[in-house]
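Student: Requesting a structural model of the entry that follows:
(2 chains)
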Amino acid sequence: MASLTVTDEHVGATPAKTIQPVWVRVMHWTNAVAMILMILSGWQIYNASPLFGFSFPRGYTLGGWLGGGLLWHFAAMWLLMINGLAYLITGFATGRFAKKLLPITPSGVLHDVRAALTFKLSHDDLSVYNYVQRALYAGIIVVGVLIVLSGLSMWKPVQLHWLVTLFGDYPTARYVHFFCMAAICAFIVIHVLLALLVPKSLRAMIIGR
Amino acid sequence: MAKRSFLIPGVDKRLLIKDSLKTMPDVTRRRFIAGGASLGALTLLTGCDVVDSSSAEALLAKVSKFNDAVQDFIFNPDALAPTFPESAITKPFPFNAYYDLDDAPDVDGDAWKLEVRGLVDDKKSWTLPELYKLPQSTQITRHICVEGWSAIGSWTGTPLRDFLKLIGADTRAKYVWFQCADKDGYNSPLDMRTALHPQTQMTFRYANEILPRAYGFPMKIRVPTKLGFKNPKYVVSMEVTNDYKGGYWEDQGYNSFSGS
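Tutor: Residues are numbered from 1 along each chain as shown, chains lettered A, B, ... in the order given. Predicted coordinates:
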C-alpha cells in the first residue's frame, strides 16, 4: 500500500500538460448531446412542412411525430442555450477565445488548408490551434449564435419581433435557421473526420491530455 | 458486470417500441407502424439516462409545462403582432386541418347559435345577426402554423375582450375554453391574458367577405399571438372557466400555451 501511495504522489508531482481544461470538456460534450437532440428533432419539425423538395428520412428524426419532435426541440433548447451561454461567457472571461482562436489571417488559413489537404499539417502541439481549426471553431461559434437567435425569433415572433426584424421577416428567419443547421451538420462531418484522423485530439477532449 | 447492449442498456428494443406506440395518437401510431419503427430515434430517446419511453415522455411533458410558465411570464399583453399592408396578403390563403375541405363542418348560419357558459353574468346564446351588429375591426396579421409555414391574412370581427365585457365575464378566471363543430370535436383552451389581448378577435369575415367555410364559418377565433391550432374555427360555444379542460391538439402533446 505504502509503495502505491508513493507512486501516486510521484505521478501527481509531474502532471502532464492539460490541453483541454475540464470546463471545455464538460461543455463540449454537453453541447454535442444538445446539438444532436436539436438536429434530429429539428428534422422531424422540418418534415411537417419542408422548405425544399425533400424530407429527412424518418429513421433519423426524433420524437415519432411533429408533436414529439417539438417537445424534444423545446426541451433540448434549454440545454443548448444555457450551456452555450456559459461557454461564451467563460470563453471570453478566461481569455481562451482570444488566446486560442486569434489571430485568424486569410493567408494563414489558406496555408494551413493546403497543408491539411496534403496531410502535411503538424499536430505536435495540440494546445495551439492551427488556422484551419481557428477558422472552423470561430465560425461555428458565430453560426451557433445565429441558429439560437433565428430559433428564438421563430419561437416568439410577436414577443421578440425586434429579433425577427433583424432577419427581415419570419419566413427568412426560418431559412436562416435551416442553413445554420446545414452549416453545423457540415461542421460535424469535418470535425469528427479530423478528430478521427488525429485521435490524440479526441483523447484530449475526453481526458484532458 | 454482465454483458449489455451498448445502444440501449438493459432495455428490450421490441418492448420499447411497443410501449412508445401505446402512447402515440391513433393516426400517428398507424403512420408510425406503416413507416417502420425508427430504432435510431428510439435509441436516442433512451440515450440520456432515461430508461424507458414512458419516463422520457413524462420528462418531456414536465418541460412542456415549464415552457408554458416561461411563455406566460414573457407574454406582454401590450405587445402587438406586426400588421401588414393589404398587398402582403397571401393568396390563396391555405386551408389547413386534420381533414379534407370536403369534410369541413358545413354549418347552417341560420340555425347556428353561439353558446356562452361558465363564469359569465349573461349566459344567453347569440345568433349570427346579433353578433354581426357588434362593433368590428380588421387586422392584417401573420398566421403561423405549428408545422412551420405561415401566411398573411385579413380578418374582421369583434375584439374578444369587448364581447367578454359585454356578457359580464369574470376576467379573473384562468381560461376561455372553445368548442367547435369539427368532426371528432375540436376544442381548445385560451389563457385569459391572451383572451384579453387587443388583437384577439371573434372573426366573422375574411378579406371583407363573410367568413368562408374553409376558414371556419360562421365564426373563428383569431389569435395572432398564438400558433394556428389555437385559433379555433367553426366555434359553437365558449366557456369562461378556471379549469384546464384540455384541447384537441394540446391533449396529443402540442405545447398548451403555444404563444408567438
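Student: Give me the nearest residue to the closest residue to chain A within the stretch 151-260 of chain B, chain neighbours excluded.
Tutor: Among residues of the stretch 151-260 of chain B, the one nearest chain A by Cβ to the nearest Cβ turns out to be B:G253. It sits 3.7 Å away. For glycine as for every other residue, the C-beta is placed from the backbone atoms N, C-alpha and C. Among residues not flanking B:G253 along the chain, A:G67 sits closest, at 3.7 Å (Cβ to Cβ, 6 or more residues apart in numbering or on different chains).
Student: ok, now B:L80?
Tutor: Leaving aside its sequence neighbours, B:L80 sits nearest to B:Q199 (Cβ to Cβ, 6+ apart; 6.1 Å).
Student: Quick check: bridge partners of the nearest residue to B:D191 once chain neighbours are set aside?
Tutor: Here the nearest residue to B:D191 in space, its sequence neighbours aside, is B:Y175; by Cβ to Cβ, 6+ apart that works out to 6.1 Å. Beta-bridge pairing of B:Y175 under DSSP bridges involves B:D191, B:T241.
Student: B:Y175 contacts B:R193, doesn't it?
Tutor: No - under the criterion of Cβ atoms under 8 Å, B:Y175 makes no contact with B:R193, lying 10.3 Å away.
Student: what about chain A, any weak spots by pLDDT?
Tutor: Across chain A, residues meeting the criterion (pLDDT under 70) sit at A:1-16.
Student: do the stretch 101-250 of chain B as well
Tutor: Counting by pLDDT under 70, the stretch 101-250 of chain B contains no low-confidence range.
Student: Pull up the residues of it that are close to chain A.
Tutor: Residues of the stretch 101-250 of chain B found near chain A (Cβ under 8 Å from any Cβ of the partner chain) are B:142, B:144-150, B:224-225, B:249.
Student: got the domain boundaries for chain B?
Tutor: For chain B, automatic domain parsing gives the domain ranges B:13-67, B:86-252.
Student: Let me know which of those is tucked in deepest.
Tutor: Comparing those by mean neighbour count (mean count of other Cβ atoms under 10 Å in any protein chain shown), domain B:86-252 ranks first with a mean of 18.
Student: Quick one: distance of that domain to the chain centre.
Tutor: Remark: domain B:86-252 is offset 10 Å from the chain centroid, using Cα atoms, centre = their mean, to the nearest Å.
Student: now the end-to-end length of it.
Tutor: Across its full length, domain B:86-252 reaches 36 Å end to end, with Cα to Cα, to the nearest Å as the criterion.
Student: Ok, stretch B:89-108 next?
Tutor: By Cα to Cα, the extent of stretch B:89-108 from end to end equals 28 Å.
Student: Next: stretch B:200-209.
Tutor: Taking Cα to Cα as the measure, stretch B:200-209 stretches 19 Å from start to finish.
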